[in-house]
Every structure is written in C-alpha cells, then in structure tokens.
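> Pasted the sequence and its predicted model underneath.
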Amino acid sequence: MNTNGAKRGVGAAVGLAISALGSSAVRTDAQTPDRLTVTSIEVPLASGDAYTVEHGVLRVPQNRARPDGPVFELQFHRFPALADADPTTPPIIHLNGGPGWPGLQRQFENEQWLEDNIFPRARFADVVIIGQRGIGTSAPNTMCPRPELENPTQVEDPRVRFEAMLDAARRCRAKWEEEGVDLGGITVIEAANDVRDVVGALGYDRVQIHGGSFGSHWGMTVLRLHPDIVARAVLNGMEGPDHTYDMPGWVLAALERVAADAEASGVFDGRLPPGGVVEGFRDVIARAEARPIAVDLPRRGGREHLSIRLTADDIRGLWGGFTSQSGGHRMRGWPADMIALYEGSYEAAGNAAVRNRAVFGIPTAAFFMLDCGSGISADRLATLLEDPGADVVGPLGAFYHSVCPAWDADLGEAFRENFYTDIPTVIVHGDWDLSTPLENAQELLPYFRDHHFVLVERGTHGALGEALRASDSFRAGLERFMATGDMGGLPDVVTLPELDWVPVADGR
C-alpha cells in the first residue's frame, strides 16, 4: 500500500528572476526541462506501508545577473500530500536555518522521522524542503579548509583566533574563486529566487512559507521579493533583515528571564548569589578582570595536568552554560553552572574554556557570503558597539567583524530596512531564545500587517516544536491556519511546563 495522495505535475515555467533589490528583472531559463531532474524514493514506514518521496535537482544560475554562467545543482525533496488532503490547500515550502543545513540523508535513515515531522503537515498539503545554495547536498558544496595553527586547542588571545579564521576565510575564498564559483551570487536574495524557481518548476501558483532562524530571514526575503507566490507564512525564531548580528543586551535579557524563573523556583534557595544568578556571573567576570583565574585541569589517560588562566573574556564566553545536561530542556543546568562558577568551582568551566579557545574549521564559503552579505546596518552597528550587555555576554558581533572583510559581501543598507507585508503570517517566538532573542520578533511585528503572534513562555530557539508538543490548542490552531488560513483559533501565549532544574551539587 502506498499512502500518497494524487501528485501534482512537475514542469511549469517561471518568467523572471530578480537579481537584487530594486534592480531590473533578467531572463533565466532555470525551469527549462534540461535544468530539472526528479526521481522517486520509496520510503518504508513503521506501519509496513511505503511512501513515495520525490527528490529533485534544479540547476539554477549561481548568479542570475550572469544567466549563462556556472550553475548550482540545488536539491529539494517533495513530500506529496496524503490521500485525504484538500488539493486546493497551498503547498508548504520549508526553509531550514543555519545557513548550513546539510540535507536529509540522515533523516531518511529514521523511519519515524517522516511520521513525526512531515506527515503532520502532509495531511494538509504537499511539503517541499529546499536545500541551500553552496551548502550540504547542493553542488558544489563550498566547504572551507581548516585554519592553520601549530596548537589550535590553546589560543588564549581571541585576536589570534580571529586572525587564524580570517586567514582561513581568505584561503577559502581563493579556493572557490579558482574553482570558478561565482561567490557574488550566494546571497539570501538569490536564495529567495531559488524558492521562486522551485515553486515554478513544481507547477505551483501560491505556497505557504515555513521558516525558522535563518529560514525566517530567508522566508522574509521571499515575502518581500515574491509576494505574489506566497499565500501565507509561519515564521519562528525571527531573524529580520537587520538581525544577522545578535544584540548583546537582547541575549542578556533572555538570560535574565531564565534566571528569574530559576530564582523563583525555590530549587536554589540558600545558594543564590547576592542579586541573583546573573549578578553572580558578573561578579566572576570582575574577578577575572582583576586577575585571571588559575585553574589546574586533570587530564585523562595519564597525561599531565593542564594549567590555564581564565580571563574575563573566557568567562564571558561561558554565558550560555558549560555542562552537558542530557534529557529535558537545554537550560535546565544553566543556573547550577552559573552558581557553581560563582562559588569558585572552576574545573568544568576551565574545560569549557579550553574547548572555546580551540580554533575550529570554519564552515562553507556560502555561509559567509550569505551572512556577511546580509550584514548589519550602520545604525544597528553603532548601537551594538555601545551595548552594555557586551560586558556580560561579550561582543557578539566580533566574529563577523573579524571574518567578513575577507568576503567583500554586502547587500547594502536598503536590504536591511524592514518592510511591510500584508501576507497572513503566524509568528512564534520563545522568550528564552538565546540565538534569535525575543526582541527581534517584537521589533518586526509592526511590519506584519496581518499576523498572529504566539509568545512561548520558557520557549528556546526551538519554541515552535516545544509549543506543538506542549499545547493541544496551539497545535489545532496552527493546523487550522495551514489548512484554511484562519488564524482565529491560535492562542496568544503558550506556557511551557516549569523546568526540572538541575540542583547545584555540594562541593561542585
């Protein structure tokens, strides 16, 4: 038995590609038959049934300003709507975050993945997941070489780390330019044009856009450039046109909300620093500012102990916690980490600092072209540089400041201006999101003239999934919106259960 419903045709042509904001349109043949390949994959289900997934490769110009130049083989998967779906419901285009999504190869190894992640939406419409240009299974994959350092695991001075990454970035750019890749075409604008081209290749008139984190940034660019193909949208973990660089004070505000919940729980009574968890963390930073903290770290396997000094920058780098807590909410061990640090237990923090000092391989050229291209406005940069939150969580834009000069990628101030849209949009955001803080969404809401905002209390960067698991009314409301576009059944707030906080161990 095959559980798929009727499939919709592959093949309509799309006329125009917008290569940049405000630019003139240029012709592209991205949807001619020799540019599109579709194959079928039979996926066995836990029930014993089979489900047919379509795997597509669309050859799109690397830079639509040069339609006869090199191409990306952009991969996508279409999950056809289940048999009882209404064929008039707009298909769902899912845009992943990052940028750095590797593709679906591992997901297909888990037969339950389809039933948990695809079928809840395929009940209503086709679901299409589109790859990211220059990343993952799309070809070429613009992987970067590793930074070159004699001892990449112990670089105390962050300037040395950033210089090593900048050097690696320059070598990465040179490698892919020598390979003939048109790096100037790797922008979120061209990624939005990719969505438009896939939609046209699949014969769809209008679709739903679902995107979170960078996927929301990507999705908003689709809403902005191609509103005629978007019937409605679901966005979460909001990253607006000018939100690529995180604002330190907004990340700190999220930590303060976590701390307030932990302090009110009673779990840490008698162990809280004066002024609370965040003030205790500030105190440790001040200690390290006055004198770096000496830590002797036991090594396994008979190796000699490692003696390090924790600088104030090392401490700031631990703001998100540093011990791994398996199971449950990712923040459940954060207060205990902060309190242990305040109480002078430095071993776990020291091991985390060693990991943070390592100069890891930087990702793809596409990652940098996408993020550095979106960049930061002059006004936001000035605000960020004066943000007192950096005293606690560090200068969060320092990585981009150090590495983006190697890429010469900037879409300009006009791209980073917010824009108004009348497309019906459900926006979901958690108030404990440390990757795209709640204040991102609050800044963007006035620009969505027809929206429903769902605040997920205690929600993290995965607030959409957390809300779906926690709230039947939210799930039902979101399903109604996907099926009909009606936002009336959605709650304004979803409150996640109180956390099972990890207590501070005695002598920790």
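Looks like it came in fine. Numbering: from 1, shown residues only.

> Please identify which helix or strand holds the closest residue to Phe72 other than its chain neighbours.
Using Cβ to Cβ, 6 or more residues apart in numbering and skipping residues adjacent in sequence, the residue nearest Phe72 is Arg133, 4.8 Å away. C-beta: built from backbone N, CA, C; applies to glycine. Arg133 belongs to no helix or strand when elements are defined using DSSP states H and E.

> burial count for Arg133?
Neighbours of Arg133 under the rule other Cβ atoms under 10 Å: 27.

> Same check on the one 4 residues further on?
Thr137 is surrounded by 19 other residues when neighbours are defined as other Cβ under 10 Å.

> Phe399 too?
Phe399: 16 surrounding residues under other Cβ under 10 Å.

> The helix or strand that contains Val234 pairs with which strands?
Counting by DSSP H and E, the element that carries Val234 is strand 230-236. According to DSSP bridges, strand 230-236 has the following sheet partners: strand 207-212 (parallel), strand 425-430 (parallel).

> still on that earlier bit, show the pLDDT at the residue nearest to Phe72.
At Arg133, the model reports a pLDDT of 96.

> What strand or helix carries Val53?
Per DSSP H and E, Val53 falls inside strand 50-61.

> Please disregard the earlier target; I meant Trp176.
Here Trp176 is covered by helix 158-178, with elements defined by DSSP H and E.

> Would you indicate which residues of that helix are buried?
Across helix 158-178, burial judged by 16 or more other Cβ atoms under 10 Å covers 158, 161-169, 171-173, 176.

> downstream neighbour of it in the secondary structure list?
helix 188-201.

> Tell me the buried residues in that next one?
For helix 188-201, the neighbour count (16+ other Cβ under 10 Å) marks 188-201 as buried.

> Kindly reformat these as CSV containing pLDDT and distance to His94.
Listed next are the buried residues of helix 188-201 as CSV, based on pLDDT from 0 to 100; distance: Cβ to Cβ, whole Å:
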residue, pLDDT, distance to His94
Val188, 97, 16
Ile189, 97, 20
Glu190, 97, 19
Ala191, 97, 14
Ala192, 98, 15
Asn193, 97, 17
Asp194, 97, 13
Val195, 98, 10
Arg196, 97, 15
Asp197, 96, 16
Val198, 97, 11
Val199, 97, 13
Gly200, 95, 17
Ala201, 95, 16
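
> hmm, which two among those are most spread apart?
Greatest spatial distance among those (Cβ to Cβ): Val188 and Ala201, at 20.0 Å.

> Quick one: list the elements packing against the helix holding Trp176.
helix 365-374, helix 398-403 (3 or more Cβ pairs under 8 Å, 6 or more residues apart in numbering; DSSP states H and E).

> Make CSV from the buried residues of helix 158-178 and add distance to His94 and pLDDT to it.
Output for the buried residues of helix 158-178, formatted as CSV (distance: Cβ to Cβ, whole Å; pLDDT from 0 to 100):
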residue, distance to His94, pLDDT
Pro158, 36, 68
Arg161, 35, 74
Phe162, 34, 77
Glu163, 38, 80
Ala164, 36, 78
Met165, 31, 80
Leu166, 34, 85
Asp167, 36, 85
Ala168, 31, 85
Ala169, 30, 89
Arg171, 34, 90
Cys172, 28, 92
Arg173, 30, 95
Trp176, 27, 95
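
> Redo these as CSV? Include distance to Ala231.
Listed next are the buried residues of helix 158-178 as CSV, based on distance: Cβ to Cβ, whole Å:
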residue, distance to Ala231
Pro158, 46
Arg161, 46
Phe162, 44
Glu163, 48
Ala164, 47
Met165, 42
Leu166, 43
Asp167, 47
Ala168, 43
Ala169, 39
Arg171, 44
Cys172, 39
Arg173, 39
Trp176, 37
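
> of the residues you listed, closest to Pro70?
Of all these, Trp176 has the smallest distance to Pro70: 10.8 Å, by Cβ to Cβ.

> so who does the closest one touch?
Trp176 is in contact with 140, 142, 183, 365, counting by Cβ atoms under 8 Å, 6 or more residues apart in numbering.

> Does Met220 belong to a helix, a strand or coil?
Put simply, Met220 is helix when judged by DSSP: H, G, I helix; E, B strand; the rest coil.

> on that earlier part again, comparing the helices and strands packed on helix 158-178, which yields the minimum mean pLDDT?
Among these, helix 398-403 carries the lowest mean pLDDT, a mean of 87.

> Name the residues that touch that helix?
Outside helix 398-403, the residues that touch it by Cβ under 8 Å, 6+ apart are 158, 162-163, 165-166, 169, 244-245, 362, 368, 371-372, 375-376, 395.

> Buried residues, it. List them.
Residues 398-400, 402-403 are the ones in helix 398-403 that count as buried (16+ other Cβ under 10 Å).

> before we move on, the earlier item: the helix or strand just after the strand holding Val53 versus helix 188-201: what angle between them?
Proceeding N to C from strand 50-61, the next assigned helix or strand is strand 71-79, under DSSP H and E. With axes from the mean of the first three to the mean of the last three Cα atoms, to 10 degrees defining the directions, strand 71-79 sits at 50 degrees from helix 188-201.

> I'd like the average pLDDT over strand 71-79.
Rounded mean pLDDT across strand 71-79 is 96.

> strands paired with the helix or strand just after it, and their directions?
Next along the chain after strand 71-79, taking DSSP H and E as the criterion, comes strand 92-95. According to DSSP bridges, strand 92-95 has the following sheet partners: strand 127-130 (parallel), strand 207-212 (parallel).

> Check the offset of the helix or strand that strand 92-95 is followed by from the chain's centre.
Later in the chain than strand 92-95, the nearest helix or strand by DSSP H and E is helix 111-113. With Cα atoms, centre = their mean, to the nearest Å as the basis, helix 111-113 stands 23 Å off its chain's centre.

> what does helix 111-113 contact?
43-46, 107.

> could you flag which of these are buried?
Buried among those by 16+ other Cβ under 10 Å: Val43.

> So which of the contacts of helix 111-113 belong to strands?
43-44 (DSSP state E).

> Between the contacts of helix 111-113, which sits nearest Thr436?
For these, the closest approach to Thr436 (Cβ to Cβ) belongs to Gln107, at 23.2 Å.

> Show me the shaky parts of the stretch 101-250 of the chain.
Along the stretch 101-250 of the chain, the parts satisfying pLDDT under 70 run over 147-158.

> In contact with the residue lying closest to Cys172 once chain neighbours are set aside, which residues are there?
Nearest non-adjacent residue to Cys172, counting by Cβ to Cβ, 6+ apart: Cys144, 3.6 Å away. Cys144 sits next to 168-169, 171-172, 175, 361-365 when contact means Cβ under 8 Å, 6+ apart.

> Could you report the separation of Cys144 from Trp176?
Per Cβ to Cβ, to the nearest Å, Cys144 is found 9 Å from Trp176.

> residues contacting the closest residue to Leu235 other than its chain neighbours?
Leaving aside its chain neighbours, Leu235 sits nearest to Ser216 (4.4 Å; criterion: Cβ to Cβ, 6+ apart). By Cβ under 8 Å, 6+ apart, the contact set of Ser216 is 95, 97, 235-240, 436.
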